[in-house]
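Enquirer: Turn this into a model:
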Amino acid sequence: MKRVLLLGSTGSIGEQAIDVIERSDELEVVGLAARSSFEPLIAQARSLGVDRVALSDERAAARASEAWTGGRVLAGAEGLVRLIVETDCDLVLNALVGSAGLGPTVAALGEGIDLALANKESLVVGGELVMALAEATGARIVPVDSEHSALHQLLKDERPGNVDRLTLTASGGPFRGWSAHDLTGVGPEQALAHPTWDMGGKISIDSATLMNKGLEVIEAMHLFGVGLERIDVVVHPQSIVHALVTLADGAALAHLGHPDMRVPIAYALHEPERVDVPVRPLDLAELGSLTFEAPDLEAFRCLGLARAAARTGGTAPCVLNAANEVAVEAFLGGRIPFPGIAEIVEGALEALPGEPVGRFEDLYDADADARREAAALVQSQGVPA
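Expert: Numbering: from 1, shown residues only. Below you'll find the model as predicted:
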């Protein structure tokens, strides 16, 4: 029986992971964590027979302690780390959203625990240090993002010298085909209406701006040791082809499947084995055709900003991520318009050029500086969305 610690269990990925786990006789949940949604977290703990949970929001943790007497509630960022180091588990599935997932990622790898990673920000913010830590402790990182899971599977039997390019596909989000002018008046409700995937609010907005794909490019660089210039992005609205690997002989390998996150989740939890997932098989004749197009970097500037930050390196991706989190929150709160997200991120990157990173503390400092800068930019530039 594989003992799984599930972080971010109340989000979309976490809920689908529980669905996968409950269908398996080989997996057992031994701990749960969330940011602030304490009521569904407690319900999950009761249903799964878990007696230890953690909430990174300390006020939510205090309320959970009052509402639940069936187990122990750990609080704050320290509580998340304690849950990992004090729980006997074989695998940590990190589905937390945003840079808050970095600390738990470091804790799991530092303990030598294998990591199923759905928190792309861990590698965006601290990729070099995170990968070095995994190598030092021998802990394995298995990606959960559909695109990176696809690449992980496609690359397993290929020697590095055989690989020419990696291609990540993007649905294009709800505004595919819109011009920069068209995007000036869109609101949160429109941006949250993703045409393909069922995701949380922050990830849905990142998909609408194409920042999500930019973060995934940085994640792929670190996971697979491939340079930025060898990673492409192509818009594929059907979301059937999740990724491609172009080989030195000109052949290309593709991973195809209906868009259902239970597939990469199940693979990450059972890897290297495969299990049945209740997803209908592809019928190519029924699909009829698949289409692809280049991303519009003028309308969706966040993808270009992410690539620029990756090119700069050091703390620049950390600044990119932190500023984006602040800007997305401001957009969802109606304080800046949709194009303002890219403007805030660009302003933060200009104000805080990338610095070398030698330790994790450098990243926490850069994150804090970027959040202050982005908040100031929101305050000075913000207008009703």
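Enquirer: which sections of the stretch 201-350 of the chain are below the confidence cut-off?
Expert: Within the stretch 201-350 of the chain, the set of residues satisfying pLDDT under 70 is empty.
Enquirer: Which parts of it are strands?
Expert: With DSSP state E, counting those that start in this stretch as the definition, the stretch 201-350 of the chain shows strands at residue ranges 231-235, 241-247, 252-256.
Enquirer: Could you do the stretch 51-200 of the chain as well?
Expert: For the stretch 51-200 of the chain, the strands defined by DSSP E, counting those that start in this stretch occupy 52-55, 72-75, 91-94, 114-117, 141-143, 163-170.
Enquirer: can you put these in TSV and add distance to residue 25 and mean neighbour count?
Expert: The way it works is simple: take the backbone N, C-alpha and C, and place the C-beta from them, glycine included. What follows is the strands of the stretch 51-200 of the chain, written out as TSV (distance: least, C-beta to C-beta, whole Å; neighbours: other C-beta atoms under 10 Å):
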stretch	distance to residue 25	mean neighbour count
strand 52-55	23	26
strand 72-75	27	19
strand 91-94	16	26
strand 114-117	19	25
strand 141-143	20	24
strand 163-170	34	21
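Enquirer: With distance to residue 106 added, can I get the ones you listed in TSV?
Expert: As requested, these are arranged in TSV below (distance: least, C-beta to C-beta, whole Å):
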stretch	distance to residue 106
strand 52-55	15
strand 72-75	17
strand 91-94	10
strand 114-117	10
strand 141-143	12
strand 163-170	25
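Enquirer: quick one, which of the ones you listed is nearest to residue 31?
Expert: Relative to residue 31, the nearest member of those by C-beta to C-beta is strand 52-55, separated by 5.0 Å.
Enquirer: which residues are in contact with the longest helix that the chain contains?
Expert: Counting residues, the longest helix found in the chain (DSSP state H) is helix 360-381. The contact list for helix 360-381, computed with C-beta atoms under 8 Å, 6 or more residues apart in numbering, reads 99, 102, 106, 125-126, 129, 315, 318-323, 325-327, 330, 335-336, 340, 343-345, 347-348, 351-352, 355-357.
Enquirer: please redo it, this time with the cut-off set to 7 Å
Expert: Around helix 360-381, the neighbours that count as contacts under C-beta atoms under 7 Å, 6 or more residues apart in numbering are 99, 106, 125-126, 129, 315, 318-319, 322-323, 326-327, 330, 335-336, 340, 343-344, 347-348, 351-352, 357.
Enquirer: ok so, going back, so can I have TSV of the strands of the stretch 51-200 of the chain showing mean pLDDT and distance to residue 12?
Expert: Conversion of those to TSV gives the following (pLDDT from 0 to 100; distance: least, C-beta to C-beta, whole Å):
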stretch	mean pLDDT	distance to residue 12
strand 52-55	96	18
strand 72-75	96	23
strand 91-94	98	13
strand 114-117	98	15
strand 141-143	97	17
strand 163-170	97	18
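Enquirer: Quick one, which of the ones you listed gets closest to residue 244.
Expert: Residue 244 lies closest, by C-beta to C-beta, to one member of the strands of the stretch 51-200 of the chain: strand 163-170, at 4.2 Å.
Enquirer: Show me what the closest one is packed against.
Expert: Helices and strands touching strand 163-170, as assessed by 3 or more C-beta pairs under 7 Å, 6 or more residues apart in numbering; DSSP states H and E, comprise helix 146-155, helix 211-224, strand 231-235, strand 241-247.
Enquirer: okay, those in JSON lines with distance to residue 57 and mean neighbour count next?
Expert: Shown next, in JSON lines, are those (distance: least, C-beta to C-beta, whole Å; neighbours: other C-beta under 10 Å):
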{"stretch": "helix 146-155", "distance to residue 57": "28", "mean neighbour count": "24"}
{"stretch": "helix 211-224", "distance to residue 57": "23", "mean neighbour count": "25"}
{"stretch": "strand 231-235", "distance to residue 57": "34", "mean neighbour count": "19"}
{"stretch": "strand 241-247", "distance to residue 57": "33", "mean neighbour count": "21"}
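Enquirer: Out of the ones you listed, which is closest to residue 24?
Expert: helix 146-155 (17.4 Å).
Enquirer: list the helices and strands the closest one packs on?
Expert: Secondary structure elements in contact with helix 146-155, counted by 3+ C-beta pairs under 7 Å, 6+ apart, are strand 141-143, strand 163-170, helix 211-224, strand 241-247, strand 252-256, helix 262-270.
Enquirer: circling back: figure out which of the helices and strands packed on strand 163-170 is closest to residue 291.
Expert: Each of those has some distance to residue 291 by C-beta to C-beta; the shortest is strand 231-235, at 8.7 Å.
Enquirer: Give me the contact list for the closest one.
Expert: When contacts are defined by C-beta under 7 Å, 6+ apart, strand 231-235 is touched by residues 165-170, 172, 176, 213, 217, 220-221, 292-295, 303.
Enquirer: can you rerun that using 8 Å?
Expert: Applying C-beta under 8 Å, 6+ apart, the external contacts of strand 231-235 come out as 165-172, 176, 213, 217, 220-221, 292-295, 303.
Enquirer: sorry, back to before: kindly state which of the strands of the stretch 51-200 of the chain is positioned closest to residue 254.
Expert: Smallest distance to residue 254 across these (C-beta to C-beta): 8.8 Å, for strand 163-170.
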